[in-house]
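*Asks:* Quick one: sequence plus predicted model below, questions after.
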Amino acid sequence: MIEHKWCREHEILEVKPVGKFSAEDFQQLAAQIDPVITEQGRIEGLLINAQDFAGWESFVALISHFRFVHDHHRHIQKIAVLSDNPVLSFMPSLVCHFVSAEVRPFSLNAYSQALEWLENPG
């Protein structure tokens with residue numbers, strides 16, 4: 001499951017994985033994000049709280065995740081990843097080669113700093 005909430009009048013989306021990702025999680029997330037992209041043209045920021053990231057429940061879920069990223073990354077300006085996991089904190093420097101958004105890691109206790117970075121243009 002992917003919990004989500006909008007901040008700043010649909011400019012920043014905060015997502016938090018709970019348990020393992022399923023293919024349906026990305027369909028449900030797309031149903032929330034696509035109308036906003038259609039209306040606004042883009043989303044200023046995505047805040048990923050990866051504290052409870054547990055992976056994918058199947059290969060189909062992994063492919064659904066890749067497809068979601070492929071279909072949406074051009075419409076997101078910045079991505080902040082909150083995690084104290086050393087592997088996940090390295091992820092933004094790898095992912096930036098595959099997405100057009102600026103990606104930056106933050107520690108779990110830096111929620112305010114991550115949100116502030118997302119709120120500032122540039």
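*Replies:* Noted; the coordinates are in hand.
*Asks:* isn't there a strand covering Val81?
*Replies:* Yes. Counting by DSSP: H, G, I helix; E, B strand; the rest coil, Val81 is part of a strand.
*Asks:* what's across from it in the sheet?
*Replies:* Val81 has the following beta-bridge partners by DSSP bridges: Ile48, Pro105.
*Asks:* Would you check how far apart it and Glu14 are?
*Replies:* Here Val81 is placed at a distance of 12 Å from Glu14 (C-beta to C-beta, to the nearest Å). Placement of C-beta: from N, CA and C, glycine included.
*Asks:* just Arg74 next, same as before
*Replies:* 20 Å.
*Asks:* Give me the more crowded residue out of those two.
*Replies:* Neighbours per residue, other C-beta atoms under 10 Å: of Arg74 and Glu14, the larger number sits with Glu14, 20 against 11.
*Asks:* May I ask you to confirm that that one is in contact with Ile33?
*Replies:* No. Assessed by C-beta atoms under 8 Å, Glu14 is found out of contact with Ile33, at 12.0 Å.
*Asks:* what's the overlap in contacts for those two?
*Replies:* Common contacts of Glu14 and Ile33 (C-beta atoms under 8 Å, 6 or more residues apart in numbering): none found.
*Asks:* Pull out the CA atoms of stretch 56-71 and give them to me as PDB.
*Replies:* This file holds the C-alpha atoms of stretch 56-71, laid out as PDB (Å, rounded to 0.1, in the frame of the first residue of the first chain):
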ATOM      1  CA  TRP A  56       7.800  -5.400  -4.000                       C
ATOM      2  CA  GLU A  57       5.500  -8.300  -3.600                       C
ATOM      3  CA  SER A  58       6.100  -9.600  -7.100                       C
ATOM      4  CA  PHE A  59       8.000  -9.100 -10.300                       C
ATOM      5  CA  VAL A  60       4.700  -7.600 -11.800                       C
ATOM      6  CA  ALA A  61       4.700  -5.000  -9.000                       C
ATOM      7  CA  LEU A  62       8.300  -4.100  -9.800                       C
ATOM      8  CA  ILE A  63       7.500  -3.700 -13.500                       C
ATOM      9  CA  SER A  64       4.400  -1.600 -12.500                       C
ATOM     10  CA  HIS A  65       6.700   0.700 -10.400                       C
ATOM     11  CA  PHE A  66       9.100   1.100 -13.400                       C
ATOM     12  CA  ARG A  67       6.100   1.900 -15.700                       C
ATOM     13  CA  PHE A  68       4.700   4.400 -13.200                       C
ATOM     14  CA  VAL A  69       8.100   6.200 -13.000                       C
ATOM     15  CA  HIS A  70       8.500   6.100 -16.800                       C
ATOM     16  CA  ASP A  71       5.000   7.600 -17.300                       C
END
